[in-house]
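Undergrad: generate a structure from the sequence data that follows.
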Amino acid sequence: MSVSALKLMARTLMVAGSVVLAGTAHAETLRLSTLDKPDSDGANAAQAYADLVKERTSGRIEITVYPASQLGDWTEVYSQVIAGAVDMAMQPLSTDSDRRLAITWFPYTSTDYSSAAKALAADGYVTEIVDGIIADQGLKLLATYGAGMGGAVYTKDIEDPANPDATHNIKIRVWPGGTTHRALMERFGYNVAVVPWAELYTGMQTGVVDGAIGGTPELALDNFKDIAKTWIQYNDHFEANYMFMNLSKFQALDPADQKILIDAAQEICAKRFEEVKAADAAKMKQLKDAGVNVIELTPEQIEAFAAVARKDVWPKISDEIGPDILKQLQAATGSL
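TA: Predicted coordinates:
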């Protein structure tokens, strides 16, 4: 081979190597945390999102999903995403940084799937409120995943379950920071105790508490099927997992890739809103098949609970969200 041919080959290899290195330099590997267990609807949706982003960016962005709170408790992960130690998450929002985020589980803001879908759509009033709050914390909201309609799981039978004015000799768990639902369940006649998630199964198993509010049929099925006796579908809140990302890391991406991240998230979440009612029904059937007494309140009974909550409970917990957001909520629900 001539000297000129060798030089040409060398230059060609250098150019090719530069192209490979340039492509590598722009590749991004992001970590996404979710508290959902592997193979759950939520974890599967997170993985579907990761696959879609990889496909649409031609591998420029790869998202590794960490299910079952592998990167820490969801409240810790929330702070880690703000700090940039974790890139993104699909989970509830923590009120530790701003109490107004209690709007995301404020009781009886939605009583059915259609009103929840409207409030949590990309242009919904709850989405707009949340987006403004977390942007100030250094987070970018991508979309909202509908986990399911809320209810309560119990290790005991519940007498007069459709009566919001009944008194129950039952102790029910609320989550740390769950001020809204402490007031709600006390009004509905229950004794209330705060128990961290990590201690909840043992607490219910040993009788420290007799039940828990703040979950979905899927959560009850996946975590308490073997100790549950009753599930009541209160429709007290719509459980949503927000897909969000560290804002600085989002802004550092190419605008085309930013759009892909948002569009893919909204596509996955829009599909879920079409499926969530059937998904809840399927999980309740599985609970029934496991021997759990599933109590599905009628729309009229749900509205009776909602009326009591809006009249008696909202004034007690309005400080959680502030007067401006409360007015928006009252206007949206016709409760002014």
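
Undergrad: give me the domain ranges for the protein.
TA: Taking automatic domain parsing as the reference, the chain has its domains at 27-148+239-277, 151-237+282-327.

Undergrad: could I get those domains as JSON lines with mean neighbour count?
TA: For glycine as for every other residue, the C-beta is placed from the backbone atoms N, C-alpha and C. Below are the domains of the chain laid out as JSON lines (neighbours: other CB atoms under 10 Å):
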{"stretch": "domain 27-148+239-277", "mean neighbour count": "19"}
{"stretch": "domain 151-237+282-327", "mean neighbour count": "18"}
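
Undergrad: all helices of the chain, in order?
TA: Counting by DSSP state H, the chain has helices at residues 3-26, 41-56, 74-83, 113-120, 125-135, 179-187, 200-206, 217-224, 247-251, 255-289, 299-308, 314-317, 323-333.

Undergrad: out of those, nearest to Gly146?
TA: Among the helices of the chain, the nearest to Gly146 by CB to CB is helix 255-289 (4.5 Å).

Undergrad: hmm, back to that, tabulate the domains of the chain (a markdown table), appending mean pLDDT and distance to Gly334.
TA: Converted to a markdown table, these look like this (pLDDT from 0 to 100; distance: least, CB to CB, whole Å):
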| stretch | mean pLDDT | distance to Gly334 |
| --- | --- | --- |
| domain 27-148+239-277 | 96 | 11 |
| domain 151-237+282-327 | 96 | 10 |
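
Undergrad: now render those as JSON lines, adding distance to Leu336.
TA: Putting the domains of the chain into JSON lines (distance: least, CB to CB, whole Å) gives the following:
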{"stretch": "domain 27-148+239-277", "distance to Leu336": "14"}
{"stretch": "domain 151-237+282-327", "distance to Leu336": "8"}
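
Undergrad: so for Ser335, which of these sits nearest?
TA: domain 151-237+282-327 (4.9 Å).

Undergrad: starting at the chain centroid, how far to the closest one?
TA: 17 Å (CA atoms, centre = their mean, to the nearest Å).

Undergrad: to Leu32, which of the helices of the chain lies closest?
TA: Nearest of the helices of the chain to Leu32, taken as CB to CB: helix 41-56 at 6.0 Å.

Undergrad: centre of the chain to the closest one, how far?
TA: Taking mean C-alpha positions (CA atoms, centre = their mean), helix 41-56 and its chain are 16 Å apart.

Undergrad: kindly report the same for stretch 137-153.
TA: 3 Å.

Undergrad: from Thr202, how far out is the residue lying closest to Ala220 once chain neighbours are set aside?
TA: Closest residue to Ala220 apart from its sequence neighbours, by CB to CB, 6 or more residues apart in numbering: Val153 at 4.2 Å. Distance, Val153 to Thr202, by CB to CB, to the nearest Å: 15 Å.

Undergrad: ok, longest strand in this protein?
TA: strand 139-149 (DSSP state E).

Undergrad: which ones are touching Tyr125?
TA: For Tyr125, the contact set (CB atoms under 8 Å, 6 or more residues apart in numbering) comprises 119, 328, 332.

Undergrad: surely Ala193 is in contact with Pro176?
TA: No. Look at Ala193 against Pro176 with CB atoms under 8 Å: they stay out of range, at 11.0 Å.

Undergrad: now Lys316: how far from Thr179?
TA: 9 Å.

Undergrad: how about Ala166?
TA: 23 Å.

Undergrad: then Lys271?
TA: For Lys271, the distance to Thr179 - CB to CB - is 33 Å.

Undergrad: what of Leu329?
TA: Counting by CB to CB - Leu329 and Thr179 are separated by 16 Å.

Undergrad: so in terms of bridging, what pairs with the spatially most central residue of the chain?
TA: Residue closest to the average C-alpha location in the chain (CA atoms, centre = their mean): Asn241, at 1.5 Å. With DSSP bridges as the criterion, Asn241 is bridged to Tyr145.
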